[in-house]
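**Student:** everything below, folded, please.
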Amino acid sequence: MIYIKVNKVFLAAAYLSFIGVLLAVYLLWQQFFHPAFQPCNINSFINCNAIISGPVAKTLGIPTPLYGLIGYLVMIYASLVHNRKLLLSMATFGLVFCLYIAYRELIQLRVVCPVCITCQVIMITVFTISVVLNRKTK
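**Tutor:** A predicted model of the protein is given here:
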């Protein structure tokens, strides 16, 4: 059995969350500035318009990518201070939120946002890491 030090596991969660921050900032930038070059918009099915300017652009009046940005920042903080419960709480909220967004995109709008899919994979991974960390004794 391979033993991985807890510090490295927290560090992996922090790195993944940092990538999530970059993706959320990218979506916010796209949403606020609407640049001419949009590499995420491939065709009518694979694009980020649902998150940038479509019906999923805001959740409760707040830009949807802002939820991800704040969540990922809190997860970075929780990882750096080794707060297992905070990491698990935010990753659980983030996973539920990502599943909600995925449902809206895939089922209701029939659109795939590559950036969102990447965020969802990161969130599932951080959630799994946080569950593993919370199973370990201090």
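
**Student:** pLDDT averaged over stretch 96-110 - what is it?
**Tutor:** When the per-residue pLDDT values of stretch 96-110 are averaged, the result is 91.

**Student:** name the residues of that stretch that are buried.
**Tutor:** Going by neighbour count (16 or more other CB atoms under 10 Å), the buried part of stretch 96-110 is 97-98, 101-102, 104-105, 109. For glycine as for every other residue, the C-beta is placed from the backbone atoms N, C-alpha and C.

**Student:** closest one of the residues you listed to Cys48?
**Tutor:** Minimum separation from Cys48 among the buried residues of stretch 96-110 (CB to CB) is found for Glu105, which lies at 9.8 Å.

**Student:** residues contacting the closest one?
**Tutor:** Contacts of Glu105 were listed using CB atoms under 8 Å, 6 or more residues apart in numbering, and they are 50-51, 56, 111-113, 116.

**Student:** is it true that it lies in a helix?
**Tutor:** Yes. Read with DSSP: H, G, I helix; E, B strand; the rest coil, Glu105 is one of the residues of a helix.
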